[in-house]
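> no FASTA, just this:
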DNA sequence: TTCACTTTTTGACATAGGTCAAAAGAAAGC
DNA sequence: GCTTTCTTTTGACCTATGTCAAAAAGTGAA
């Protein structure tokens, strides 16, 4: 799943998040939350490996994650960042149950809630409101990805970095430069030069 | 809405499409279809203008459409192609009810079914199965957009064209070269040269 | 068939950004 | 505090692809 990490507070409670999107009753909410498992995950841990079929969807209560893949040259290409209050998954693998093209990695010590595909489907079948939730979350993700696509498709390296700063200000100085560069579709050297030219103005 | 146009037959009936995704009863289906309006739209017609808030979602029974925007230089940038059997809309505008960044244009004479946002929301409220449909359609679109993003982000112009040929073979020779070039994030001249070098091999 | 218009191809040239290699700076372990 | 390792910066050079302009090919109407 692909989601924004811009407006993320440092901590976002899962039940507040769910209630904000769909008016679940307390009973519904309690039953739904029972299906999730809370975990603490340290920095640098890999949650999903490239090539494996991922059965798990994560919700990040606090911390930071990313998805990335290795290109032909063996270089890591960051595909997305996931901040607190967002769902995280290898979208293709989780939804289509095919081998994942991506790794999912925790970049900052995180508290996450995880749910398996079976249990999630169960929830979809039990609660129509969950379908709505799924639809809303997916739609929001779609919008974000389309925005990134626009930024990548026809903008200069500098403009892409400005898009990043505008959309995700808090992440820009929080993760290694190389992660951001590959996320924006440029080399680390280029991003370093852009930063320099920006700071000298 | 963003959707694939690769496996599109020349004609795809809307009720077959709906039934294939979610097991609606005939009564449900009839009621749902009542909310759609069937129209015939000639080539070159613009359905949504940049800057306008779009209230309409389209399903293409036959024909071909695209979304595009004008960049700073006033050049048309194709954002997506929509073939038969697919939903078409200016996603941002329709879902968030904000001014559209895109034009939606019919490229080949089309038969379409349209529905307003109000009526669609009504259907979502009446039929939980519609929520499921919405979720499934959106998820599929998300996957497609992510695929395109991957192709665009780190591949050479030539590789991007090969991605296009692989994913959407039938469109590649059906629309003006410039539409495809801008869709792939390159100039028309570059695409023309790629085609030439491919054909001489 | 011809004329007007659109789309595609070609050529010459410019440049953003890639590559490779090394130096400088930060962070982590002992 | 010193050493090792990782990250960022800098420099020199190269190439894919963009830009601009003109020719060629294709399409449709009269």
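Perfect, thanks for sending it. Note that the structure is a prediction, hence the values are computed from the model and not measured. Numbers count the residues shown, from 1 in each chain, chains lettered A, B, ... in the order given.
> what about residue A:137, which SS state?
helix (DSSP: H, G, I helix; E, B strand; the rest coil).
> Can you check what pLDDT the model gives it?
On pLDDT, residue A:137 comes in at 94.
> wouldn't it be in contact with residue A:88 here?
No - at 11.4 Å, residue A:137 does not count as touching residue A:88 under the criterion of Cβ atoms under 8 Å. (C-beta placed from N, C-alpha, C; glycine too.)
> Only the buried residues of the particular helix or strand that has residue A:61 in it, if you could.
Taking DSSP states H and E as the definition, one finds residue A:61 inside strand A:56-70. By 16 or more other Cβ atoms under 10 Å in any protein chain shown, the buried positions in strand A:56-70 come out as A:56-69.
> Next: stretch A:44-54.
A:47-48, A:50, A:54.
> And stretch A:23-34, by the same measure?
Buried residues in stretch A:23-34 (16+ other Cβ under 10 Å): A:24, A:28, A:32.
> Break down chain A into its helices, ranges please.
Per DSSP state H, chain A carries helices over the ranges A:14-21, A:26-34, A:91-96, A:117-126, A:128-154, A:157-167, A:177-183, A:188-199.
> do the fifth one and chain B meet?
Yes - in this structure, helix A:128-154 sits against chain B according to Cβ under 8 Å from any Cβ of the partner chain; the contacting residues are A:128, A:131-132, A:134-135, A:138-139, A:141-143, A:145-146, A:148-150, A:152-154.
> Can you pull the phi/psi pair for residue A:11?
phi -150, psi 130 (degrees, to the nearest 10).
> That one - nearest residue in space that isn't next to it in sequence?
Spatial nearest neighbour of residue A:11, excluding adjacent residues (Cβ to Cβ, 6 or more residues apart in numbering or on different chains): residue A:62 at 4.7 Å.
> how near is that neighbour to DNA strand C?
19 Å (Cβ to the nearest atom of the strand, to the nearest Å).
> again, but for residue A:37
The value you get for residue A:37 to DNA strand C, if Cβ to the nearest atom of the strand is used, is 28 Å.
> Let me know the distance separating that residue from residue A:115.
7 Å (Cβ to Cβ, to the nearest Å).
> quick one, the strand holding residue A:61 and helix B:128-154 angle?
20 degrees (axes from the mean of the first three to the mean of the last three Cα atoms, to 10 degrees).
> Which other helices and strands does strand A:56-70 contact?
helix A:14-21, strand A:46-48, strand A:76-82, strand A:86-88, strand A:103-116, helix A:117-126, helix A:177-183 (3 or more Cβ pairs under 8 Å, 6 or more residues apart in numbering or on different chains; DSSP states H and E).
> Once you drop chain neighbours, what's closest to the residue nearest the centre of chain A?
Central residue of chain A (Cα atoms, centre = their mean): residue A:82, 3.0 Å from the mean position. Counting by Cβ to Cβ, 6+ apart, residue A:82 lies nearest to residue A:88, which is 3.9 Å off, once chain neighbours are set aside.
> Residue A:100 too?
Here the residue nearest residue A:100, using Cβ to Cβ, 6+ apart, is residue A:93, at 3.6 Å.
> quick one: that neighbour and DNA strand C, what's the gap?
Taking Cβ to the nearest atom of the strand, one finds residue A:93 at 27 Å from DNA strand C.
> Next one: that residue, what pLDDT does it get?
In this model, residue A:93 carries a pLDDT of 91.
> Could you check how far it is from residue A:57?
11 Å.
> ok, now residue A:147?
For residue A:147, the distance to residue A:57 - Cβ to Cβ - is 22 Å.
> for chain A, what are the low-confidence residue spans?
By pLDDT under 70, the low-scoring segments of chain A are A:1-9, A:200-201.
> Within range of chain B, give me the residues from chain A.
Near chain B, when you scan chain A using Cβ under 8 Å from any Cβ, you find A:2, A:71, A:77, A:79, A:91-92, A:95-96, A:101, A:124, A:128, A:131-132, A:134-135, A:138-139, A:141-143, A:145-146, A:148-150, A:152-154, A:182, A:185.
> And these, which of them are buried?
Neighbour-count burial (16+ other Cβ under 10 Å) applied to the residues of chain A next to chain B gives A:2, A:77, A:79, A:91-92, A:95, A:101, A:124, A:128, A:131-132, A:134-135, A:138-139, A:141-143, A:145-146, A:148-150, A:152-154, A:182, A:185.
> Name the nearest of the buried residues of stretch A:23-34 relative to DNA strand C.
residue A:32 (37.4 Å; Cβ to the nearest atom of the strand).
> That closest one and residue A:130 touch, don't they?
Yes - Residue A:32 is within contact range of residue A:130, at 7.1 Å (criterion: Cβ under 8 Å).
> any shared contact partners between those two?
residue A:123 (Cβ atoms under 8 Å, 6 or more residues apart in numbering or on different chains).
> circling back: greatest separation within the buried residues of stretch A:44-54: which pair is it?
Distance extremes for those: the farthest pair is A:47 and A:50 at 12.0 Å, using Cβ to Cβ.
> which neighbours do these two share?
What both residue A:47 and residue A:50 touch, as defined by Cβ under 8 Å, 6+ apart, is an empty set.
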